[in-house]
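# Provide a 3D model corresponding to the input given below.
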Amino acid sequence: MSDQRALPAIIGGSGLQQMPNLKITERMVVDTPWGEPSSRVSVGNLSGQKVLFLARHGDDHDIPPHKVNYRANVSALAQLGASHIFAFNAVGGIHEDMGAGSIVVPNQIVDYTWGREHTYSDSANVALQHVEFTEPYDAVLRKLLIDAAEENHSDIVRHGVYAATQGPRLESAAEINRLERDGCDLVGMTGMPEAGLAREKSLPYACLALVVNAAAGKSQPLISFAEIEKVISTHMPAVQTILATACGKEFAIHPQLNR
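Take a look at the predicted model:
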């Protein structure tokens, strides 16, 4: 255990460019060795707890998934003293039991992305790391999210395999069939390399995912962005409440395994 005081950070994805109940005291421009993060980092109070917030796609949601500077984002939060990260991701549901509106705490991830700056180990003067990644999401943080959902009477799916694809286009029906054969339950575009970089920085990390549509070929008619926006609007208050409750929970700083 460490005497370090817990400082949770939230990385907001599509539909979560800001936390409405976050009482912001400062917005910080952070300079990192890997460039500028997607946005200034908001520092404020949420549920009686100091919290950091960063918008993954930028304040205006204008950075596509493959252009997000994931290394700078995670590094900025680490530089500001974050002790752990809750990440929000809007995703597609591959299976019927993960329909639109489902809130999921995934426990595994498969990386199908390519060409992204995915590690700190290829940078000058940075030691090579072969980090342990058997369990990509921190078990303690996952439980905090699940407990927060249950306390707020929100239905929660406790497990799922997240498929991280390249984007920004949506997938073909054949691609979704492949992901399903691979054992994936959810599909999104921003889960990696974010989770891996957090592990390299020894930052416990967990994902709260909102299913905003059925994946390609899994519903009729075709995916409607108007329907996606409707799902986000309907279910985002529950997402925000779960994240706020989880941030307010006691978190004992613990080292990641095999660091």
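
# can you give me the strands in the stretch 51-200 of the chain?
All strands of the stretch 51-200 of the chain, identified by DSSP state E, counting those that start in this stretch, fall at 84-93, 103-104, 108-111, 161-164, 186-188.

# which ones are touching residue 48?
residue 248 (Cβ atoms under 8 Å, 6 or more residues apart in numbering). Backbone N, C-alpha and C define where each C-beta goes, glycine included.

# okay, residue 24: pLDDT?
pLDDT for residue 24: 93.

# count the neighbours of it for me.
Applying other Cβ atoms under 10 Å, we find 14 residues neighbouring residue 24.

# and the residue nearest the centre of the chain, how far is that from residue 128?
In the chain, the centroid-proximal residue (Cα atoms, centre = their mean) is residue 87; its distance is 2.6 Å. Between residue 87 and residue 128 the distance is 25 Å, computed by Cβ to Cβ, to the nearest Å.

# before we move on, what about residue 165?
28 Å.

# and those two? which has more neighbours close in?
residue 165 (26 against 8).

# I'd guessed the more buried one sits against residue 113; true?
Yes: the pair residue 165 / residue 113 is scored as a contact, 6.8 Å apart, by Cβ atoms under 8 Å.

# now find how far off-centre stretch 107-115 is within its chain.
13 Å (Cα atoms, centre = their mean, to the nearest Å).

# for it, buried residues please.
Using 16 or more other Cβ atoms under 10 Å as the test for burial, stretch 107-115 gives 107, 108, 109, 110, 111, 112, 113.

# what's the span of that stretch from first residue to last?
24 Å (Cα to Cα, to the nearest Å).

# kindly report the same for stretch 129-141.
23 Å.

# kindly report the same for stretch 103-112.
22 Å.

# next one: it to chain centre, how far?
On Cα atoms, centre = their mean, the centre of stretch 103-112 falls 10 Å from the chain's centre.

# what do you get for stretch 237-244?
Counting by Cα atoms, centre = their mean, stretch 237-244 comes out at 14 Å from the chain centroid.

# okay, buried residues for it please.
Residues of stretch 237-244 classed as buried: 238, 239, 240, 241, 242, 243, 244 (neighbour count, 16+ other Cβ under 10 Å).

# can you check stretch 176-184 too?
Quick answer for stretch 176-184 (16+ other Cβ under 10 Å): 176, 177, 179, 180, 184.

# which residues are in contact with it?
92, 94-95, 110, 112, 161-163, 165, 171, 187, 215-218.

# picking that back up, same list, the strands of the stretch 51-200 of the chain, but as CSV with mean pLDDT and distance to residue 25 please.
What follows is these, written out as CSV (pLDDT from 0 to 100; distance: least, Cβ to Cβ, whole Å):
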stretch, mean pLDDT, distance to residue 25
strand 84-93, 97, 19
strand 103-104, 97, 29
strand 108-111, 98, 33
strand 161-164, 98, 33
strand 186-188, 98, 31
